[in-house]
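# with the sequence up front, the predicted model follows.
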Amino acid sequence: MQERVFKRLFAPVALRNKTLRNRIVFGAHTANMAVNGLPTEQHIAYYAERAIGGAAMIVVEPMPVHPAAVLTRGNFRPSDDSVVPHFRKVAEAIKGHGAVAIQQLYHVGQHADADNSFHPGWSPSGLPSYHDSDGSHAMTESEIEETIDGFVQAARRCRDAGFDGVEVWAAYHSMLDQFWTPWSNRRDDRWGGILENRTRMGREVMRRIRETCGEDFIIGLAVNDDPNVEVALGREALAEIVALHDRDRLMDYVTCGTGSYFDFTAIMPTFTYPEKLGADLAAVLKSAVRHALVTAESHIRTPENAESVLSEGRADLVSIVRGQIADPHLAAKAQAGRSEDIRGCLSCNQMCWGRRSRDYWISCVVNPSAGREWEWGGDRFTPTSKPGRVMVVGGGPAGLEAARVAAERGHRVVLAEASDRLGGQFRLAGMQPRRTQIIDLIEWYERQLNQLQVEVRFGAYVEAEDVAREGADHVIIATGSLPPDGAFQRALPQWSTIPGGGPVVSAEAVMAREARSGKRVVVLDDGGNWKGCGTAWKLAEDGHDVVLVTPDPLVGKELQRMAVDLPLRRALIRLGTRFITESAVTHWDGKTATVTSLLGGMEQKVEADTLVFASTGMASSELSSELNMRGIAHRAIGDCSAPRQAAFAIHDGRKAALAL
């Protein structure tokens, strides 16, 4: 049945002199794993795992083509042939597992980062960066030629390293896009003005790469859709440019993403966006080209999404990036008729872009092996040499992952959960607006545990005597955390609760429907993350009048790193939510909250029926402490060890089970 459903997705297709085994691409993204500008074993294992998992083509993260293009700490060395033997290992690992190996080449132009490059940003007309507050240098003709040669030499190095081709990056208002776009190209020489001149640099880059690297070398082009930005190229204008390149057969495929430096949140769209975003531009370009294949990229999370894009004739290939970070074996599972076993991406950006934005190497909330493939053996499990009985206490994300991986490795597992359902507080997060992918993940765990014959006991409140009676060979405690008593605010450490004596309810109680909120609600968000912001969104969506108070300078401070804070604030404002920032609640009597500015001490009164407090939980470590007193060996993982976000709970669960 699955072969019929995915008949287009798994149809081979010719690309230059190669045949792709299916239509699934693992597109370019900065994994940020380089050390001293060179790929490492971490890189090699990361890409190899996706090739093992069935991706047809893997586009390795972008290579800066010039010192002015360096953007991150983990970027590769530009303009240096010493990278070739190191990249040969990456290419061989990808090709050795049946995938076509491509490397992206990029230059960010005016959007440079001097903190990393220590080089002036180069651009067509010297406009400012949208990456930071710096300006850029308007390029001379010789600098344009130097940059073109940088692209060509980078492509040559890729060829020498054994890559099958390169993808020239012209997306997101990068260097080539800056030349294409009249707003950013204000030149009056042969590199500006009419379309022929504005596209000259990109055409020369691709023509010279073909000349240098040969007829068998694959050349791709990456572009983006930015329909809500007035100064960006519209779809028709972009189609004209792509058609011009296609007419001269300068590229073999074109990849269509979304967003740009003008609209950064759409580059890695979260769950706040509709799915299959890149397919709209792909459909336009597919009607404009005669020779190149068209790849749809951006928020195509699942094989079902991909199949629908292909079946509608909107693209020839699909790039699933975060979906294959979350489950590197997505392609193989879908082809084998095991779609139900695919671990779905949450579209949260927490550990992929969220870590990359802080200049760390990337990982994944739901797949802690991402970035650790070299250390943990990929997203696959070596059977234990000593199968035993494992007792896991707690069915939140840490306990679920520990139980699953222990069972995968051949242990007999009992999972004891005090409530009548799995997921813990993670399930509450899935009840917030547009976050049902979390519920999907919990249901995935339920299916996996059932297949692995894990014994799940609901309504099992476990004490130390129960653990001792069970007599398991290994005990894992994952009892999570509880909301704090009172309302301790980090900005007012001298108070353990809010003066005034008014009742305070937790965000957890609101989401669990254990507490009823009145019409007028103050949400005091001491964390700046989804616990407070998502609860406020839910309350506002349900018709409550919400005032969100935060000590931070903006609502959703912790969500900035995930590029989701702006869509969140827009949603809250549309629902009538009022924001009070850089403030704390200094008095609450159950009817009126006194909100005090942390900047100047000014006070304002907010009448409310309910005050909801969102903050870090307190570890539920009683069982672990009792076991310690009795000398019963165990591992405490997740929030009962230290309250953190779900990514670290799942990581703890995986690590604990691998150690058994």
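Okay, I see it.

# which residue is the nearest non-sequential neighbour of Met351?
Ser363 (4.4 Å; CB to CB, 6 or more residues apart in numbering). (Glycine included, C-beta is placed from N, CA and C.)

# how close does the one you found get to Gly396?
Using CB to CB, to the nearest Å, Ser363 is found at 19 Å from Gly396.

# so these two - more neighbours on which side?
The residue with more neighbours, out of Ser363 and Gly396, is Gly396; 28 against 21, by other CB atoms under 10 Å.

# skipping adjacent residues, who's closest to the more buried one in space?
Counting by CB to CB, 6+ apart, the residue nearest Gly396 is Gly424, at 2.7 Å.

# for Leu20, same thing?
That would be Ala56: by CB to CB, 6+ apart, it lies 4.0 Å from Leu20.

# just the pLDDT for the one you found.
Each residue has a pLDDT score; the one for Ala56 is 98.

# next up, the contacts around it.
Leu20, Arg21, Asn22, Arg23, Ile24, Val25, Ala99, Val100, Leu317, Ala331 (CB atoms under 8 Å, 6 or more residues apart in numbering).

# how far does the helix or strand hosting Ala222 sit from the chain's center?
Element membership for Ala222, per DSSP states H and E: strand 218-225. Taking CA atoms, centre = their mean, to the nearest Å, one finds the center of strand 218-225 at 21 Å from the center of the full chain.

# any residues touching stretch 511-519, and which ones?
Contact with stretch 511-519 is made by 428-429, 431-432, 505-506, 509-510, 535, 538-539, 544-545, 608-610, 612, as judged by CB under 8 Å, 6+ apart.

# again, but for stretch 269-282
Counting by CB under 8 Å, 6+ apart, residues outside stretch 269-282 touching it are 223-225, 227, 235, 238, 256-259, 266, 294-301, 305, 308-309, 312, 314-315, 319, 346-349, 434-435, 437, 562-564, 567-568, 571.

# show the end-to-end separation of it, please.
One end of stretch 269-282 sits 17 Å from the other (CA to CA, to the nearest Å).

# that stretch - what's its average pLDDT?
Rounded mean pLDDT across stretch 269-282 is 94.

# what of stretch 356-369?
On average, stretch 356-369 scores 94.

# do stretch 295-312 as well
Average pLDDT, stretch 295-312: 96.

# endpoints of that stretch, how far apart?
Stretch 295-312 has an end-to-end distance of 13 Å (CA to CA).

# show me what counts as buried in it.
Of the residues in stretch 295-312, 295-310 count as buried by neighbour count, 16 or more other CB atoms under 10 Å.

# for the stretch 351-500 of the chain, just list every one of the strands.
Using DSSP state E, counting those that start in this stretch, the strands found in the stretch 351-500 of the chain span residues 389-393, 412-417, 455-458, 474-477, 481-482.

# surely Ala403 meets Val454?
Yes. Counting by CB atoms under 8 Å, Ala403 touches Val454, with 5.3 Å between them.

# neighbour count: these two, which is higher?
Shown here are Ala403 and Val454; by other CB under 10 Å, Ala403 has more neighbours (32 against 22).

# what about that one, distance to Gly423?
Taken as CB to CB, the span from Ala403 to Gly423 is 13 Å.

# what number of residues lie near Ser287?
Neighbours of Ser287 under the rule other CB under 10 Å: 12.

# got a list of what it touches?
Shown in contact with Ser287 (CB under 8 Å, 6+ apart): Ala239.

# quick one: pLDDT of it?
For Ser287, the predicted pLDDT is 96.

# out of the buried residues of stretch 295-312, which comes closest to Leu482?
Nearest to Leu482, judged by CB to CB, of the buried residues of stretch 295-312 is Arg301 at 33.0 Å.

# for that closest one, phi and psi?
Phi and psi for Arg301, reported as degrees, to the nearest 10, are phi -80, psi -30.

# ok, back up a step: partner strands of the strand holding Ala222 and their direction?
Here strand 218-225 is paired, per DSSP bridges, with strand 165-169 (parallel), strand 253-258 (parallel).

# widest-spaced pair of the buried residues of stretch 295-312?
Most distant of the buried residues of stretch 295-312, by CB to CB, are Thr295 and Glu304, 17.8 Å apart.

# look up phi and psi at Gln103.
Here is the backbone geometry of Gln103 (degrees, to the nearest 10): phi -120, psi 140.

# doesn't Gly162 make contact with it?
No. Gln103 is beyond contact range of Gly162, at 10.3 Å (criterion: CB under 8 Å).

# quick revisit: could I get the strands paired with strand 218-225 as a markdown table with distance to Arg210?
Shown next, in a markdown table, are the strands paired with strand 218-225 (distance: least, CB to CB, whole Å):
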| stretch | distance to Arg210 |
| --- | --- |
| strand 165-169 | 10 |
| strand 253-258 | 14 |
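
# tabulate those strands (a markdown table), appending mean neighbour count.
A markdown table is the format used below for the strands paired with strand 218-225 (neighbours: other CB atoms under 10 Å):
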| stretch | mean neighbour count |
| --- | --- |
| strand 165-169 | 28 |
| strand 253-258 | 29 |
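
# who wins for proximity to Trp530 among these?
Of all the strands paired with strand 218-225, strand 253-258 comes closest under CB to CB, at 22.8 Å.

# now the helix or strand just after the closest one, how far from the chain's geometric center?
Next helix or strand after strand 253-258 toward the C-terminus (DSSP H and E): helix 279-286. Centroid separation for helix 279-286 versus its chain: 23 Å, with CA atoms, centre = their mean.
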